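> Pasting the sequence and the predicted model now:
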Amino acid sequence: MLFQATHKTPIGELFLVSDEHILLGAGFRNFKDLYSRMDVKDSSRESKSVKNIPIISDLISDYFDGDLSALGGIKCRQPGAEFSQEVWKAMRKIPTGKTWSYADLAARAGSPSAVRATGTACAKNLIAPIVPCHRVIKTGGALGNYGYGLGIKEWLLKHEGAL
């Protein structure tokens, strides 16, 4: 059984879907958006709405309350091609308060020439802001895009001290 919860944050509601203590989806849009992008084996499972998801909700609260390392304690799983998995793994290593360019991230994911594919993996990230695609910016320093809007990306980077 999957758990789903809505978490109030300073930048709006964060929708969460988990399999026990493993986060399968997180985002600022809605549950329908998350389920539509999840692995069909997961999205077709029965789900239960809960007030809080043990461990995950607490760590997210800690993050928004100022413990910027808290999100690193959340286990995640999302569907995607092998290179996307490498990008997401590398993305989780971006230090809080820092940003990497798409080119930096491509190199750290093992394929320096795959900058465009790295951008695609960022766009398909199903577990924001826990898998911190908001920390990825353009080479010249411009923020670039963010699926939930540049205002949220900017808030997250300011919260983490990167801006």
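Now that the structure is in, tell me what you want to look at. Just so we're clear, the structure is a prediction, and the values are computed from it rather than from any experiment.
> Where does pLDDT dip in this structure?
Across the chain, no stretch falls below the confidence threshold (pLDDT under 70).
> what's the nearest residue to the most centrally placed residue in it if we skip its chain neighbours?
Residue closest to the mean C-alpha point of the chain, counted by C-alpha atoms, centre = their mean, is Ala128 at 2.1 Å. Computed as C-beta to C-beta, 6 or more residues apart in numbering, the closest residue to Ala128 that is not its neighbour in sequence is Gly27, at 5.5 Å. Where C-beta positions appear, they are placed from N, C-alpha and C, glycine not excepted.
> and if you look at Phe31?
Per C-beta to C-beta, 6+ apart, closest to Phe31 is Phe15, 5.3 Å.
> Arg77 - how many residues pack around it?
16 (other C-beta atoms under 10 Å).
> what's across from the closest residue to it other than its chain neighbours in the sheet?
Distance criterion C-beta to C-beta, 6+ apart; nearest residue to Arg77, sequence neighbours excluded, is Ile22 at 5.3 Å. Ile22 has these beta-bridge partners by DSSP bridges: Asp19, Lys75.
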